[in-house]
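>>> Next comes the sequence, and after it the predicted model I'd like to discuss.
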There are 4 protein chains.
Amino acid sequence: MMTSTGPAERRAGRPRDPGIDAAVLRATVKELESTGYQHLSLAVVAEQAGTTKPALYRRWPSKQQLVLDALSANLGELVTPLTECTLCDFVDGILIFLDAFHRMPPNVLAPLLADCDGDPELRAAFMRTLFDPPRAAVDRVITHALAQGDLRPDVDRSLVLDFLASFVYYRVLFQHESATMDEIESAVSVLLRGMATDFQRLLEIADVRRGNPAVHEHHMHLATAGA
Amino acid sequence: MMTSTGPAERRAGRPRDPGIDAAVLRATVKELESTGYQHLSLAVVAEQAGTTKPALYRRWPSKQQLVLDALSANLGELVTPLTECTLCDFVDGILIFLDAFHRMPPNVLAPLLADCDGDPELRAAFMRTLFDPPRAAVDRVITHALAQGDLRPDVDRSLVLDFLASFVYYRVLFQHESATMDEIESAVSVLLRGMATDFQRLLEIADVRRGNPAVHEHHMHLATAGA
Amino acid sequence: MMTSTGPAERRAGRPRDPGIDAAVLRATVKELESTGYQHLSLAVVAEQAGTTKPALYRRWPSKQQLVLDALSANLGELVTPLTECTLCDFVDGILIFLDAFHRMPPNVLAPLLADCDGDPELRAAFMRTLFDPPRAAVDRVITHALAQGDLRPDVDRSLVLDFLASFVYYRVLFQHESATMDEIESAVSVLLRGMATDFQRLLEIADVRRGNPAVHEHHMHLATAGA
Amino acid sequence: MMTSTGPAERRAGRPRDPGIDAAVLRATVKELESTGYQHLSLAVVAEQAGTTKPALYRRWPSKQQLVLDALSANLGELVTPLTECTLCDFVDGILIFLDAFHRMPPNVLAPLLADCDGDPELRAAFMRTLFDPPRAAVDRVITHALAQGDLRPDVDRSLVLDFLASFVYYRVLFQHESATMDEIESAVSVLLRGMATDFQRLLEIADVRRGNPAVHEHHMHLATAGA
DNA sequence: TGCTAAGCGAGACGGTACGTCCCGTCTTAAT
DNA sequence: ATTAAGACGGGACGTACCGTCTCGCTTAGCA
C-alpha cells in the first residue's frame, strides 16, 4: 500500500511519474468492474494504464495491495447523522454496511479477502482499509444508543456491532442479495426486542439443565478449537 | 459435482475405476490441508492420488467442483438432539455452524466461495453442498422452538437462521476466530431477549418520525440497489 | 498386416464383417490424401469408415500396418514391356519407380518409413510391400540388358538397381519434384556411358596413389561404422 | 531456427540465458540418441536441461526447429582435400555424405524430414541446415574434376551431385546400412566409366526407336505429374 | 435347441505430451 | 540512482490423441 512520503523527502534518481499511479488505480477499478478480482491480470491493468508490469510492482508489492489501494479510494466517507430514534439509527447502521458494499465492484471483496488470508500484514491492511471504516461509523450509533440508555448496559457493544455487520455480510456474500427496507427493519426490531415470547421462562429452563452441566461438555472443544 | 446415477443406470463403455475417485478425493483433502485452496495444484493432486490430470478432468469439470466434492465428504452428518431447553438448542445451533467450519481445512471455504462466484451453477453447488446442510440442521431447532411457542410467531424463521449463521460466519471469516461458550451464550441471550431496555418506547419514537418519512428516503436506493 | 487365413480356416464366434475391412482401407487412403500420414488420426479413420477404433485395432496391430495395407492395394502391378532398346528400358525402369511414387498420396511414404524404423518386422513389411515390388520389376530390365550383353558383366546388378532407384527416391523425397523426360534420359545416358572423359587415365592416377594407401585409411571407419 | 543477430544488435529487456540454449541443445542431442526423434518429448528435454517447456518454446517455435538446431551443431565442417586423383576425390565425396549421416543419431533424419513436410519454411530450414552443407562440400569436388577436364563438360553437374548423394541416402535410409570401401569404389567406377559395354550401339538402337516416339508418350504424364 | 466363443458398436478409460497463460523478477538503456 | 521497457524463468493449466478395456448385443458353429 502507498504510504505518504511525509515532508517532501527528496530522493536521488529519476522521479516517479505520478500520472502512472493515478492511471493504474483507475485502470484497476475499471478492470475489477469488468473482470472481477479472480481473473484480474496485472499485465492487462498495466496495458490499460499505458505502462508496464514492473512499474506496477515498483509501486505495489502485490495484486492484493494494489486492489486494496484502488478500492479504498472508492470507499470515501461513511457517516450517518445521529437522531433520537435509536431504531432509525440502527437501520441507518445497517445501511452503512450495505452502502460500503455497494460502493465497490461485485465479485471483489470476498476473493480479495480470501487472497489476503495467510499473510497477516495483508489481512491487517484489508481490515484497516475496508473492514474497519464502516464498523467505526456504526460504532457511533451504538455509543449514542447506549448514552441514551436505549440499550441494556450488560450487552457487549462489539456483539451488537457484530450482529449488525454480520447480517449484511452474510446476505451479500452468501446470498448475493441486498435486503429490502422491510427486512432491515424487521432485523433491527428483532435485535432490539428479541425473538422469544418469554425469555425469563427459557432462562429458567436452561438454569435447570445447567444443574447437570455434563450435557454441554462435548461442545467445549468445538467452540474453542479454532480460537 | 458427482451426483449419484440413481437406479443402477448402466452405461456403455469402460466403467470408471472407483479407486481413482476415492484416491483423488483423499489426495485433495490432504493437499487442501497442507497447501490451502488458492495454491492447490491439480497436477500435484493427481500425482498424490497416483493418477493423472486428464483422469481428474474426466470426473470433475473444474477445481472448484473437485474441492466441493472432496469437502462434502468431510462434512458428514450435522445434527443435534432437540431438548425442551430452547436456549440450549440455540446454542447447539450455533455450535453446528461452528462445527461445520471446523470439519474442513482452513483457508479453503472463503477462496472457494470466491472462486465459485460468477458461475451460477457453481454457486448453487457450493450452496447445496456446504451452505445448506448446516442450515437445514439448525432449521430443525427453530421449527422445534416455534412449535413449543418459545418464539414469537411474527418473526421470520429465515431471519432467525440468518442471525445464528451469520454470527458464526462473520467471526470465522473476518476475525479468524471461534467463539467461546460464554460469547455464544451471550449471543443467544441477546437474540432471544433483545438488546433494548424498552423496545416499546423506541418503537413509539420511530413511529413519530415515520410521520415525516422524508428522512429515510435517501436510504431506499441503497437498500435495494443490489437486490 | 492382413495375412490370408489360408484354407478357409473356420473359427468359432461371430465372423468379422468384411465390409468393415474395405471401408476402413478406403477411409484410410482418403484421409492419407487429405491429411497425410503424420497427423492421420485412427479415430477419424474409424469414424469415416462408419465404425470404431477397437474394430480397427482388432484388424491391424498399428497405424503403420494399416497404412501399409491401405497403400499396397494402391500399388497394383508394376511392369514394363522389355524391348531391344536397353536405353529405353532403363528409362522405363526409372519411370516404374516414379510411377510407384505417384500412385500413392504425397507426404506418406517418408514418414511411414520413419515410423517403421525401430521395429524390424515393420521395416520388413514396408520393404516387402512398398519397396521391393518396383525393384523386382526393374530387376527384369537389368536381367534382360545383361542377357543381351549390353551391360558390362563385372558390374554388380544390385548396384545398377540402386542407382536407378536412388535417383528417383532422392529427387522425390528431398526435392519434392519429379524429373522431366529429358532429365531422366540424361541420367540414363550418364549411367550407361559414364561421366569421365578418360576413365583409364583416372584409374592409372588412382593406382599410383594406391601405392601409398595411407591416405585413405582414415575413411575406413567412416565407411563401415554404420554397417 | 536461431539465426545469429549479426552486428551485436542490442535489444531491450532481459537477455536470454545462453546457458539454457546450450543446455537444451545438449539435452536434445542426448535424448535424440537414446529415444530417437519420434518419441522425443520436449518436456523431458527441458527437464534434462534443467529448465522448463516455455523456455524452449521461447527459443524455438517447434520441435522440428529445435532438432534442426541441435543437429546442425553436430554437423560441423565437412571438407575434403582436393587431389589430382579424381577417382579418389569422388570416393571422398561419397564419404562426406556418409560422414554427415554418421555424425548424427540414427532414427532422426528421416522422421525429421517427414515432420518438416508440409511446412515450406521448415523444409527450407531442413535443406539449409542438413541437406545443403554436404552437397556444397562435394560440389567442390565436381568443380575441381571439371576444371581438370576429367568430366565430360556436357554432363550436368547437379546430376553428378545427385548420383553421389542419392547413392548414400538410399543406402542409409532404406537399407539401414553403410557401404564398404569396395562398394563405394565400385560405385564411383561405374559412375565415371559407365555400365554399358557399348554405349554408342545402345544410342543408335534408341535413335531408331525414336523415329516412332509414340511408345513413350504414356510416360510423359508420369514423369511430370509431380513436378 | 441350447451353449459357447468370438466379433460387433459404443464409449469411456488411463495416460503422454502438448502448447499457452500468467506470474513475479531481472536486465538493459535512458533520464 | 531510479525509471520505463521488455523479455525472462518458471508453475500450472486444460486439451488432443493414443491404444486399451469393458460393456450389452449379435452371430455363428458345436453339442
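Nice, thanks for sending it over.

>>> I figured A:Lys63 hits A:Gln38, correct?
No - the pair A:Lys63 / A:Gln38 is not scored as a contact, 10.5 Å apart, by C-beta atoms under 8 Å. C-betas here are computed from N, CA, C, even on glycine.

>>> Give the buried residues for stretch A:155-170.
Neighbour-count burial for stretch A:155-170, counted by 16 or more other C-beta atoms under 10 Å in any protein chain shown, picks out A:155, A:159-170.

>>> Would that stretch count as contacting chain B?
Yes - applying C-beta under 8 Å from any C-beta of the partner chain, one finds stretch A:155-170 touching chain B at A:155-156, A:159-160, A:162-163, A:165-167, A:169-170.

>>> Identify, from the residues you listed, the entry nearest to D:Met104.
A:Tyr169 (67.2 Å; C-beta to C-beta).

>>> and the closest one, how far is that from A:Leu75?
With distances taken as C-beta to C-beta, to the nearest Å, A:Tyr169 is found 15 Å from A:Leu75.

>>> Tell me how many other residues surround A:Arg58.
When neighbours are counted by other C-beta atoms under 10 Å in any protein chain shown, A:Arg58 registers 11.

>>> mind listing what's buried in the helix or strand in which it is found?
Assigned by DSSP states H and E, A:Arg58 belongs to helix A:53-59. By 16+ other C-beta under 10 Å, the buried positions in helix A:53-59 come out as A:55-56, A:59.

>>> Could you check what's spatially nearest to the residue nearest the centre of chain A, not counting adjacent residues?
Centroid-nearest residue in chain A: A:Phe131, 3.0 Å away (criterion: C-alpha atoms, centre = their mean). Nearest residue to A:Phe131 in three dimensions, chain neighbours excluded: B:Phe174, at 6.3 Å (C-beta to C-beta, 6 or more residues apart in numbering or on different chains).

>>> pLDDT averaged over the helix or strand hosting the one you found, what's the number?
Using DSSP H and E, the element containing B:Phe174 is helix B:157-175. Taken as a whole, helix B:157-175 carries a mean pLDDT of 91.

>>> quick one on the thing from earlier: name the nearest of the buried residues of stretch A:155-170 relative to chain C.
Closest to chain C out of the buried residues of stretch A:155-170 is A:Tyr170 (50.7 Å), distances taken as C-beta to the nearest C-beta.

>>> mind listing what the closest one touches?
By C-beta atoms under 8 Å, 6 or more residues apart in numbering or on different chains, the contact list for A:Tyr170 reads B:162, B:165-166, B:169-170.

>>> excluding its backbone neighbours, what's nearest it?
Closest to A:Tyr170 by C-beta to C-beta, 6+ apart is B:Ser166, at 3.4 Å.

>>> Now do that neighbour against A:Ser41, distance only.
Going from B:Ser166 to A:Ser41 by C-beta to C-beta gives 33 Å.

>>> Then A:Arg201?
60 Å.

>>> Equivalent analysis for A:Ala110, please.
Taking C-beta to C-beta, one finds A:Ala110 at 19 Å from A:Ser41.

>>> Show me what the next helix or strand after the helix holding B:Phe174 is packed against.
Remark: after helix B:157-175, the chain's next helix or strand is helix B:181-193, criterion DSSP H and E. Under the contact definition 3 or more C-beta pairs under 8 Å, 6 or more residues apart in numbering or on different chains; DSSP states H and E, helix B:181-193 sits against helix A:157-175, helix A:181-193, helix A:199-210, helix A:214-225, helix B:86-102, helix B:157-175.

>>> how about those, which one is nearest DNA strand E?
helix B:157-175 (22.2 Å; C-beta to the nearest atom of the strand).

>>> re earlier: what about the residue nearest to A:Phe131, how many neighbours?
B:Phe174: 19 neighbours (other C-beta under 10 Å).

>>> So what's the gap between stretch A:132-141 and the chain middle?
Computed by C-alpha atoms, centre = their mean, to the nearest Å, the chain-centroid distance of stretch A:132-141 equals 10 Å.

>>> Now that stretch: buried residues?
Quick answer for stretch A:132-141 (16+ other C-beta under 10 Å): A:133-135, A:137-139, A:141.

>>> What is the end-to-end distance of stretch A:77-86?
22 Å (C-alpha to C-alpha, to the nearest Å).

>>> So is that stretch next to chain B?
Yes - interface with chain B: stretch A:77-86 contributes A:83-86 (C-beta under 8 Å from any C-beta).

>>> Can you tell me which of these are classed as buried?
Buried among the residues of stretch A:77-86 next to chain B by 16+ other C-beta under 10 Å: A:83, A:85-86.

>>> Redo these as TSV? Include pLDDT and distance to B:Ala196.
Converted to TSV, those look like this (pLDDT from 0 to 100; distance: C-beta to C-beta, whole Å):
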residue	pLDDT	distance to B:Ala196
A:Thr83	94	16
A:Cys85	96	12
A:Thr86	96	8
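
>>> Closest to chain C out of those residues?
Out of those, the member with the shortest distance to chain C (by C-beta to the nearest C-beta) is A:Thr86, at 72.8 Å.

>>> For that closest one, list the residues it contacts.
A:Thr86 neighbours (C-beta under 8 Å, 6+ apart): A:144-145, A:148, A:150-151, A:192, B:196, B:202, B:205.

>>> again, only this time at 6 Å
Counting by C-beta atoms under 6 Å, 6 or more residues apart in numbering or on different chains, A:Thr86 touches A:145, A:150, B:202.

>>> cool, and A:Phe90?
Per C-beta under 6 Å, 6+ apart, neighbours of A:Phe90: A:Val188.

>>> A:Thr180 too?
Applying C-beta under 6 Å, 6+ apart to A:Thr180 gives no contacts.

>>> Over to A:Leu87?
Contacts of A:Leu87 by C-beta under 6 Å, 6+ apart are B:202, B:206.

>>> For A:Ala187, see how far away it is.
Distance from A:Leu87 to A:Ala187, by C-beta to C-beta: 11 Å.

>>> Near DNA strand F, which residues of chain A are found?
By the rule C-beta under 7 Å from any atom of the strand, the part of chain A lying against DNA strand F is A:11-17, A:20, A:50-55, A:58.

>>> low-confidence ranges in chain A?
A:1-13, A:176-177, A:212-227 (pLDDT under 70).

>>> re the thing from before, and the buried residues of helix A:53-59, which is closest to chain C?
Of the buried residues of helix A:53-59, the one sitting nearest to chain C (C-beta to the nearest C-beta) turns out to be A:Leu56, at 42.3 Å.
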